[in-house]
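Engineer: Attaching a predicted model along with its sequence, questions to come.
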Amino acid sequence: MVSKELKVGGINCASCVAKIERTLSSKEGISSVSVNLATSKAFVNFNSNKISLNEIEKIIIDLGYSIEKNEDVFSLIDKEVLSLRNKFLASLILGLPVIIIAVNNLFKLSLFKLSFFNEAILQFIIATLIMVINKDLYMKGLKNIIKRSPSMDSLIEIGTVAAYLYSLFIFAFIILGKFSSQPVYFESAVMILIFVSLGKYLEGMAKGKTSDALRKLIDLKPKEALLVVDGIEKIIPVSEIKVNDVVLIKPGEIIPIDGVVIEGFSSVDEKTITGESNLADKTVGDAVIGATVNKTGVLLVRVSRVGPETTISKIIQTVEGALNSKAPIQLLADKVSFYFIPTVFSIGLLSAVVWLLLGKSVIFAVTVFISVLIISCPCTLGLAIPTAIMVGAGMGAQRGILIKNGKALELVNKSDIIVFDKTGTLTLGHPIVNAVFTKNNNDKEVIQLAASVERWSEHPLAEAILNKAKDERIELLKVDKFEAFPGGGVSALVNGKNVLLGTRKLMSNIDLSFFESKMIQLEEEGNTVILISVNNEAIGIISLSDELKENAVSVIQKLKKYGKRIFMITGDNKRVAQSISQKLGIDEVLSEVLPHEKAEKIKELQKEGKIVSMIGDGINDAPALAQADAGIVLGSGADIAIETGDIILIKDDLENVIRAINLSKGVFRKIKENLFWSFFYNCIGIIFATGILYSYTHWLLNPAIAALAMALSSVSVVLNSLALKRYKF
């Protein structure tokens, strides 16, 4: 299966999105399609043995769109906005005489006088020229009608062409002397196209603003770096830097790459990556992250990551991925948009026929038909969700909260249950040995055997035992036949002796009675206890403790106030788990759970019909994070588990869990507002356009006013999404 991201030109409403998705999804070999109106991107998963990329691109082009291959998404947006601006200005300048004539006739003014015949000729010429300027709209609309999948362009085309042809018909009869001064409606076509082009231009500018946060992230990437080779400094493009190169970073400069300090000391501003305002001190051996700012000293850095592997590049990829994904609520909007245009066309046609049957003139019926088509724009539906997600994802990235997809952004706030991994998530993840108990007071021998075996393990408890041996300067022994038992412990041969190190379960066939009471005491105090046996005889226990993170208790309390059920999941036995959960204020505990069993526990909670979020460190929690409705990974600076989880918190701070939920809450409040106003605009607009209120008010919606209302509705929805930038989370 191949995944491709295509930059598509000409997407301007929700029906465009629905049409591309529906057409591509129906083709054999294409498994999924997601089109984003706000970014004009299509994300396609397909089997290259059944359909080629060229065939997919041809399908999109045949639908009336273009494939932009040599431009980034921002260049494409800027190019589109420039084109829309030029079309609007050309339409406005050409249409000024028609606007003056319309105002003159409406208010019975005498700005200038033309005979009816000359006025009609002038309107005809200007209307024709403006329709030519907007020919792309007509070509695309016609293609969609031919393919029986009308879009917003099709509605505008039908409305303006109806006004134009009706006026042309009347004008021809005037020339032939059949009519003397019958009204013509060329100005309706002109005004509609002016307001539509204005709306598209304003909408394009507003859409560009929603991507400002992503633009700022991309702008953070330096273009050049100071390479040091054999003591000689040389400025080269960052794209030419290779892993293990050495670069010099002076005070005030942006760090161009990810690397490790090999010389120097400085304070670095990492706010752009972690959201943390305090400066981070960096010295020899410390990692530095590209796009952060070196503040005080000079640093010599050996490059560890370049190109797409750098932290800032992965952040940008993650944010762009979120923009191309769809939240579950988007499915409703897409479905409504799909049926919207045929429904609107039917309402417009039915309204015109009803008014004709009620004895109204053809002009009246045509006006109603055109107004219904023009005012019922589904653009607001298409923009309501992606613009809010785009602004929210960008804001999150600036605060060190990376959202990989719209689904997670929606569900993290809706979660009924939040499950926390213990080690490294609720605790610091740096346990220490606090006590050793043995049968024969041979503490050093126990630590020596344990550390010798654990040297080959990557578990945090192993690191704690090794640190204990290092602190006491204990020499490690040679180990053979090392074997790890996930969630249980390890074993090995040491000097021909079979050494076993781990939990009770691992030593189920060994007599542990000598240590039982001490183990229970230690576990009830919240310590993790490791047993050690030699040749099937228990010789000692090692007690380890891990501190809770400073804000763990307050975060749990805040989540409870939000109405969330909180679970802690751990491999520790029940006594240890209960002791720690009581300190945290967590009432529900899943203990003695092996790493591979965590996902099953999440699945059991989901079977209760609950939405479950899982929070872990991304190391042993990957299956559980993937199973959860929203997987949240706590990172630490440059060490981001981008591949794991749906939301990545770059800074290892539990408070960011609260911020992620608040961000989700804010984004989806905006989405609901946008959807409400979208439906409100369309429903109210259609009611006025059909002339239902005419019998009471004797007022009929002018097609030009309908076009202006349609344009302003789309712009207002985008501006409402931009208001998120003032949201505090």
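Structural biologist: Right, received. Where do you want to start?

Engineer: Return the alpha-carbon coordinates of stretch 613-633 using PDB.
Structural biologist: Provided in PDB are the C-alpha atoms of stretch 613-633 (Å, rounded to 0.1, in the frame of the first residue of the first chain):
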ATOM      1  CA  SER A 613      -7.400   7.900  26.500                       C
ATOM      2  CA  MET A 614      -4.100   6.300  27.400                       C
ATOM      3  CA  ILE A 615      -1.100   8.300  28.700                       C
ATOM      4  CA  GLY A 616       2.300   6.700  28.700                       C
ATOM      5  CA  ASP A 617       6.000   7.300  27.900                       C
ATOM      6  CA  GLY A 618       5.900   5.600  24.500                       C
ATOM      7  CA  ILE A 619       8.400   2.900  25.400                       C
ATOM      8  CA  ASN A 620       6.500  -0.200  26.600                       C
ATOM      9  CA  ASP A 621       3.100   1.300  26.100                       C
ATOM     10  CA  ALA A 622       2.900   1.400  22.300                       C
ATOM     11  CA  PRO A 623       0.200  -1.300  21.900                       C
ATOM     12  CA  ALA A 624      -1.900   0.300  24.600                       C
ATOM     13  CA  LEU A 625      -1.500   3.700  23.100                       C
ATOM     14  CA  ALA A 626      -2.500   2.400  19.700                       C
ATOM     15  CA  GLN A 627      -5.600   0.600  21.100                       C
ATOM     16  CA  ALA A 628      -6.800   3.700  23.000                       C
ATOM     17  CA  ASP A 629      -9.200   6.100  21.400                       C
ATOM     18  CA  ALA A 630      -6.600   8.800  22.000                       C
ATOM     19  CA  GLY A 631      -3.000   7.900  22.900                       C
ATOM     20  CA  ILE A 632      -0.900  10.600  24.600                       C
ATOM     21  CA  VAL A 633       2.800  10.300  24.800                       C
END
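
Engineer: Can you report how many residues lie near residue 347?
Structural biologist: 17 (other CB atoms under 10 Å). For every residue, glycine as well, the C-beta is placed using N, CA and C.

Engineer: for this protein, what helix or strand is lowest in average pLDDT?
Structural biologist: Least confident helix or strand, the chain: helix 212-219 with a mean of 66, by mean pLDDT, DSSP states H and E.

Engineer: after it, next one along is what?
Structural biologist: strand 224-229 (DSSP states H and E).

Engineer: hmm, who's touching that next one?
Structural biologist: Strand 224-229 is contacted from outside by 233-238, 241, 245-250, 256-257, 300, using CB atoms under 8 Å, 6 or more residues apart in numbering.

Engineer: likewise stretch 665-680?
Structural biologist: Residues contacting stretch 665-680 (CB under 8 Å, 6+ apart): 327, 329, 333, 380-381, 383-385, 387-389, 391-392, 409-410, 413, 713, 716-717, 720-721, 723-724, 727, 729.

Engineer: who's residue 529 bridged to?
Structural biologist: residue 543 (DSSP bridges).

Engineer: quick one: it and residue 517 touch, right?
Structural biologist: No - using CB atoms under 8 Å, residue 529 makes no contact with residue 517, being 11.9 Å away.

Engineer: Looking at those two, which is more packed in?
Structural biologist: Taking other CB under 10 Å, residue 529 and residue 517 do not tie; residue 529 has more neighbours (23 against 9).

Engineer: roughly how far apart are that one and residue 455?
Structural biologist: Taking CB to CB, to the nearest Å as the measure, residue 529 falls 21 Å from residue 455.

Engineer: Counting by contacts, list what the host helix or strand of residue 42 packs against.
Structural biologist: Following DSSP H and E, one finds residue 42 within strand 41-46. Secondary-structure packing of strand 41-46 (3 or more CB pairs under 8 Å, 6 or more residues apart in numbering; DSSP states H and E): strand 2-9, helix 14-25, strand 30-36, helix 53-62, helix 311-324.
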